[in-house]
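[1] fold the following.
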Amino acid sequence: MKRCLIVSLVTLCSAVMIMPSGAQAQTVNRVVSQYFRWTNNYSSTTNAATKVVYSRTFSVPSLSTGGPKYNVAYLSVHLVGDIFCLDSTSFCTARLGLACTLDGTANANACPNGNARTDESIGLPYVIFSETAGPGDPDFTNLSYTWCVPIKAAGPHTFNLFLASFLITGTSSLARAEAGMVNIDLAKLPSATACTAAPNL
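    Numbers count the residues shown, from 1 in each chain. The predicted structure follows:
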């Protein structure tokens, strides 16, 4: 029941976000709006290695000067996630996290997380969503986050989304993600406030 409620919440949030608005169209350009993992085909990982659960390339148009028309990308994700102990006889403590990169998988390409609570793996800062798990009992949660990433060049850019399971105590844990949606929006902000202020919608 809890999982169904969270899936419904993710669907509702996604629907609200893709409703058209004349005011938004003047400032923000949505270039990607895509569902994924909606057929009980979840992604999972038992460790904190770089597990890519979604990847998409999008294009930023150029100005006549050759520079990018937009200088900020908002990378928004909504998923249902769960984390649980693989050992059904004992409790464990684990963390489920999401990370993203733009144009590569190295730490230098990691999406900034602002003041979000994070953990790190393979150089990537992961936003932490869930922390505890009982023996064999999935802890379903809504995974929603938006990264604001500066865009410095026109042309193609590749967004990668990562899932990780951080085991704190116990023998092993499993993190899973499914029923997701990704929205990628481009905006033009004053360079001095790029990714520090919301666009004037």
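[2] after the lowest-mean-pLDDT helix or strand in the chain, next one along is what?
    Every helix and strand in the chain was compared by mean pLDDT, DSSP states H and E; the lowest is helix 22-25, with a mean of 36. As assigned by DSSP states H and E, the chain's next helix or strand after helix 22-25 is strand 28-36.
[3] ok, that following strand: who's next to it in the sheet?
    strand 173-187 (antiparallel) (DSSP bridges).
[4] now do the partner strand: distance to the chain's middle.
    5 Å (Cα atoms, centre = their mean, to the nearest Å).
[5] could you do stretch 160-174 as well?
    A distance of 16 Å separates the centroid of the chain from that of stretch 160-174, by Cα atoms, centre = their mean.
[6] again, but for stretch 80-87
    Its chain's C-alpha centre and that of stretch 80-87 lie 18 Å apart, by Cα atoms, centre = their mean.
[7] from Val182, how far out is the spatially most central residue of the chain?
    Residue closest to the mean C-alpha point of the chain, counted by Cα atoms, centre = their mean, is Val77 at 4.2 Å. Val77 is 5 Å from Val182, where distance means Cβ to Cβ, to the nearest Å. All C-beta spots, glycine's among them, are computed from the backbone N, C-alpha and C.
[8] what do the two both touch?
    54, 161 (Cβ atoms under 8 Å, 6 or more residues apart in numbering).
[9] thinking again about what came up before, would you confirm that the residue nearest to the centre of the chain contacts Met181?
    Yes - shown here, Val77 and Met181 form a contact pair, counting by Cβ atoms under 8 Å, at 7.4 Å.
[10] can I assume Asn41 sits in a helix?
    No - using DSSP: H, G, I helix; E, B strand; the rest coil, the secondary structure at Asn41 is coil, not a helix.
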